[in-house]
Each structure stands twice: as C-alpha cells, then as structure tokens.
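[1] Got a predicted structure here, sequence first:
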Amino acid sequence: MAQSVGPATAPVPVAARTAWYVTSPDLFAELRTGPQLDRTVSAAVAARLFPNNTLVPLADSTLARASAPEPDHIYVGAFAGGTVVTSTELSNPLVLGTENWQPPGSAPLVMAFALDTVSGTGGFARWESAELVRGFNASPTAIIDDEGLPYPFECPFWGGEHPRILAPGVAPDPFTLPFDAALFADRAVIEWLGFSYLGEDANRPKPSSIPVCGFALRPAGYQPTAAELRQAANYSGGRVARWFGFAKPNEP
C-alpha cells in the first residue's frame, strides 16, 4: 500500500531553506554525536556571504528553530567538518549555484534543501567539486527545475508511492504531481545528511541538536542601536560582536 506523509498529517507546519558546505566526511559523524559550534568561523562565513550588509549578532539557536528564518535574518553553523547556512534566499536550492552562494574556497561537496509543508513545495541540489550533479525543485503542480540524473531514492516518489495528502474536502488539482514535493526534498536530506526535518527518529541526528549562530542583515554602514550592542555583547562573551567591530556599550 502506498505510504504518504504530507501537511495534513504533519504535527506542525515545517519549512527549511538550508545550504550545506561539507569539507570532511567527519561532518556526518559530528551530526550524530552533536556538533560543536565555532562562532568565530560562523561569523566569518556570514560576512563572506553577505559582504554588502552590516551583520548584527542575534541569539544562538538550533537548526530545528532556524531552518527557515525571517527575510532579514540568517543563521550559520560552522563545525569541524562543514558549515550549514539558513536563508530565505534558498527557497530555490539551485540559487546555491550562483556566484554569491559559491564563495571562494567552497567545499568539495555542497548541498541545498528547501521544503515547505504548507505550500507543498520542495527541492534539493547537490554539487560535487563545483559541478552540479542533481538539482530538483517543484511545486505541488509543476516541476520547476530538474537537472542531472535521479538518485535511486527518488524512484518511489516518481512511482506515485508518496502522494501529497490534502485536507478533507479539498479537491486535488488535475495537474497535481504524483508525489509530495516537501516529503521528496526531506528524503534527500535523509539520504545525504542522515536526519529529517519532518520527523525525528531515535536512530538519526536531530535538527534540535544542531547549533547555529544568528545574524540580522542590516544595510551597509548601519550603526547598531545600544540595545543591539548590549544584546550582541552577551553572546560568547562579546567575541562575535567584536569580530564585527562592535564594542560593548561604553567600551573603548
């Protein structure tokens, strides 16, 4: 019997827009045991990706809470084996192939995932040695991007085994695709990173155990308010704030 998971069965709406830069296979073991966040490197990555913005540090969070941030926020988690970035700009995973999102010295393995259980959209992309290997992005009724050869894990989706479940009384669109695109994207996360955004499993890493640093994106030249400076100074003893050149209030 076909199995399906969709917005009608999900306990809460879930969205994720994340990029992963994998520099070492050790990252996958890190995710299983609990990665250690490097806030200084996280700040450097954020500054490199958004050089035309002033970045104001926010409170630390977890990937479970920060996987789909506000438009003017980003979250970065730098670990020994790689880095994760969350941003609304990643609503289409293939944007990761643009110049802004492939920074100098980019990792040998780069992946992006986007999913939204409310809208029913989902996509994923994978680059190996800067070459796009697979890119896919879809709404409930249309395939937006489909590049590269499908992976074996995709077969049940294309075969109609994981259709999108609609709320009672909602008639399906005649152009509805044979799969739930959000679930499709989450399956790519499971296959490539070993965890799920849509459901926690005791045998898999949990997004709630993956730490990230938050940053508010402000225009170039923006001067943080006194409240923002006090807030930033509280994180990591103020090290991240000073990395960006923000001294504590009343500090020379």
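    Ah, there it is. Numbers count the residues shown, from 1 in each chain.
[2] can you tell me how far residue 192 sits from residue 38?
    22 Å (C-beta to C-beta, to the nearest Å). Any C-beta I mention is one placed from the backbone N, CA and C, and that applies to glycine too.
[3] Spell out the residue ranges of the strands in the stretch 51-200 of the chain.
    53-57, 61-62, 73-79, 82-86, 109-116, 121-128, 131-138, 143-148 (DSSP state E, counting those that start in this stretch).
[4] Tell me which of those strands lies nearest to residue 215.
    strand 53-57 (4.3 Å; C-beta to C-beta).
[5] That closest one packs against which elements?
    helix 39-49, strand 211-219, helix 226-233 (3 or more C-beta pairs under 8 Å, 6 or more residues apart in numbering; DSSP states H and E).
[6] Name the residues that touch the second one?
    Applying C-beta atoms under 8 Å, 6 or more residues apart in numbering, the external contacts of strand 211-219 come out as 35, 37, 39, 42-43, 46, 50, 53-63, 66, 69, 72-77, 84, 86, 224, 228, 235, 240.
[7] which of those count as buried?
    Burial by neighbour count, judged by 16 or more other C-beta atoms under 10 Å, picks out 35, 37, 39, 42-43, 46, 50, 53-58, 60-63, 66, 69, 73-77, 84, 86, 224, 228, 235, 240 from the contacts of strand 211-219.
[8] How many residues are close by residue 225?
    Using other C-beta atoms under 10 Å, the number of residues around residue 225 comes to 10.
[9] what pairs with the nearest residue in space to residue 127 that is not next to it in sequence across the strands?
    For residue 127, ignoring the flanking residues on the chain, the nearest one in space by C-beta to C-beta, 6 or more residues apart in numbering is residue 110 at 4.3 Å. The partner list for residue 110 in beta bridges (DSSP bridges) reads residue 21, residue 127.
[10] wait, residue 110 sits on residue 20?
    Yes - Residue 110 lies in contact with residue 20 (C-beta atoms under 8 Å); the separation is 7.0 Å.
[11] who's more crowded, the two?
    Relative neighbour count places residue 110 above the other of residue 110 and residue 20, with 24 against 21, counting by other C-beta under 10 Å.
[12] From residue 30, how far off is that one?
    In terms of C-beta to C-beta, residue 110 sits 17 Å off from residue 30.
[13] can you check residue 39 too?
    For residue 39, the distance to residue 30 - C-beta to C-beta - is 16 Å.
[14] Residue 155 - how many residues pack around it?
    Residues near residue 155, counting by other C-beta under 10 Å: 10.
[15] And it, what's its pLDDT?
    You'll see residue 155 listed with a pLDDT of 97.
[16] before we move on, what about the one 10 residues further on?
    According to the prediction, residue 165 has pLDDT 88.
[17] show me the contacts for residue 96.
    Here residue 96 is in contact with 19, 90, 102, 110, 112, 125, 127 (C-beta under 8 Å, 6+ apart).
[18] from these, which two are the most distant?
    Longest span within the contacts of residue 96, C-beta to C-beta: 90 and 127, 13.7 Å.
[19] Flag the shaky bits of the stretch 101-250 of the chain, pLDDT-wise.
    For the stretch 101-250 of the chain, the stretches with pLDDT under 70 are 103-105, 232-250.
[20] follow-up on the earlier one: which of the contacts of residue 96 lies closest to residue 177?
    residue 125 (18.1 Å).
[21] Looks like that closest one contacts residue 132 (just checking).
    Yes - with contact defined as C-beta under 8 Å, residue 125 counts as touching residue 132 (6.9 Å).
[22] Spit out the residues that contact these two alike.
    Contacts common to residue 125 and residue 132, judged by C-beta under 8 Å, 6+ apart, are 94, 97.
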